[in-house]
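Novice: Need coordinates for the following:
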Amino acid sequence: MDTILNNREIASLIWLAIIGILFLYKPEVRKIVFGLVKLAFGPTSLKLILILASYVGSVVYGLKLLNFWGISDLKLTMMWFALVAIPAIYVASSQEHTSFAASVTSWIKSNLRFLVILEFLVGLQTFSLVGEFIFILIVSVLAIISVVADIEEKTQKVKILLDWVLAIIGVFLVVRAMSYVGDNIEKLTNQRTFKDFVLGPCLSLFLLPFSYAIHLFVKYNNIFSRIDRFCPKPLVFRAKCISAITFRENTKLASEWVNCFLRSTIDTKKALRDSIRLYSNLPRRFDNPAPVLKELGWSPYITLNLLERYGLNPFIYQPILENDWGGETNRLKFGDRSLANAVTFRVDGNEDVASYLKLSLEINYQQDNADDLLELYREMGNALANEVMGIDLPNALDQAIKNVEKAEYEDEFYRLEVDVDDYRDKSAGFSVFLKMYHLKAYQAYTAREPVY
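Specialist: Below is the predicted model:
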């Protein structure tokens, strides 16, 4: 506990040095690595790291004033700075739009869990330096082979076997650590051990506001650069100020708002205010959607939210052209393959009323539970039919989805279609499309006067 590095940390550093030397032995690899290092520690990155170091220094000084940090904690703090703080800042600057609440939730999930206690206990008891050197090699080789075996379906049994071996090793380490704790309970239940356990999570907690500020800075910097390019110069400063004040941490909505510069003409103060007001009100439309008469169509906000329970999370419903609006959900993938089976959903119409939707199912791998996905897809289609038409999905269309066939249905207000693209033959994969039109929109579409 009082040594600078324990045997496991020393063995890990030795292996990293060996691997680094082997990689750098080849000139082409050396060139790539040096390029990445130059990129990672360029002028901008160094400024960010210096600012981060200053912030962490102020946090450490505050903890020292509270008698919660001493010079003996320097090793742990430096390791935390290199292995946690710097990567966290890079992640914060590159991650997708997120909220501070989500960042706090992520910290809680990462630090306040039983696995963290187990990891800490396992790290208390190490083997000899030679033993750790061999142990890390064996575990690393087993883990790498397990990852490789997961790529091919025919080697899945090998992966299962190796996962069991790794699990047994993990159980052995936990039992060994618990035995050590039992034999040294008085030594471990002291302030020093408690501080070693909580210092890392405590520093990570103080890092949250800083990393989130970096996240907002990077996102708004990208947003403002697009404002510089597309907004008339007299309105640039006003657009930046009003957008930052209005959208605050909702950088996703701010980014969508900037996209409207590409599709519309905003050249006056009034047009700027109206466009920001329009986008700032969109979340409220999803939370409290206005009812829509069946004779007119259906609510785009309700239908986009409807499939959220299946994992289809809605993106913003927004203007596309002058009076035409559109919105879609994420691409819900089933599996880890690059072209995994997936479901997508799209709605089109005007600001208040939707007149067209399309629920798409892509089956690229028949062996990956294609029948179960068709059943889930039918369930989604039935939920949409209930919301849009007030009835279950017509039996002809339900059977068409089940059999992967084309079908259509029409009543007084709506037209429904099931379309199929079978990629030459269904055994190679296929796509199913459930389309719902408001009849007036469909008639306008067939008359070559599309409204979406």
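Novice: switch to C-alpha atoms for all contacts and neighbour counts from now on
Specialist: OK.
Novice: Report the secondary structure element holding the closest residue to Tyr279 other than its chain neighbours.
Specialist: With sequence-adjacent residues excluded and distances taken as CA to CA, 6 or more residues apart in numbering, Tyr279 is closest to Trp257, at 6.3 Å. Taking DSSP states H and E as the criterion, Trp257 maps to helix 251-263.
Novice: Now the element after that helix, going C-ward?
Specialist: helix 269-280.
Novice: Could I get the buried residue list for that next one?
Specialist: By neighbour count on 16 or more other CA atoms under 10 Å, the buried set for helix 269-280 is 272, 275-276, 279-280.
Novice: can you check stretch 77-92 too?
Specialist: 77, 80-81, 84-86, 88-90, 92.
Novice: just to revisit the earlier point, and the buried residues of helix 269-280 as CSV, adding distance to Pro209 and pLDDT?
Specialist: Converted to CSV, the buried residues of helix 269-280 look like this (distance: CA to CA, whole Å; pLDDT from 0 to 100):
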residue, distance to Pro209, pLDDT
Leu272, 31, 82
Ser275, 30, 80
Ile276, 27, 84
Tyr279, 27, 81
Ser280, 24, 83
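Novice: for the residues you listed, which one is nearest Leu321?
Specialist: Ser275 (13.4 Å; CA to CA).
Novice: The closest residue to the closest one other than its chain neighbours - how many residues pack around it?
Specialist: Once flanking residues are discounted, Ser275 sits nearest to Trp257: 7.6 Å by CA to CA, 6+ apart. Other residues near Trp257 come to 21 when the count uses other CA atoms under 10 Å.
Novice: Trp257 and Leu278 touch, don't they?
Specialist: No: the pair Trp257 / Leu278 is not scored as a contact, 9.0 Å apart, by CA atoms under 8 Å.
Novice: Okay, now the unreliable bits of the stretch 351-452 of the chain?
Specialist: Low-confidence segments of the stretch 351-452 of the chain, defined by pLDDT under 70: 365-368, 423-428, 441-452.
Novice: Select the helix or strand of the protein having the lowest average pLDDT value.
Specialist: The helix or strand of the chain with the lowest confidence, counting by mean pLDDT, DSSP states H and E, is helix 114-124 at a mean of 53.
Novice: quick one: buried residues of the following helix or strand past it?
Specialist: Per DSSP H and E, helix 114-124 leads on to helix 129-149 as the next helix or strand towards the C-terminus. Buried residues in helix 129-149, defined by neighbour count with 16+ other CA under 10 Å: 132-133, 142-143, 146, 149.
Novice: List just the nearest of the residues you listed to Ala383.
Specialist: Nearest member of the buried residues of helix 129-149 to Ala383, counting by CA to CA, is Ala149, at 39.6 Å.
Novice: Would you mind giving me the confidence score for the closest one?
Specialist: For Ala149, the model assigns a pLDDT of 75.
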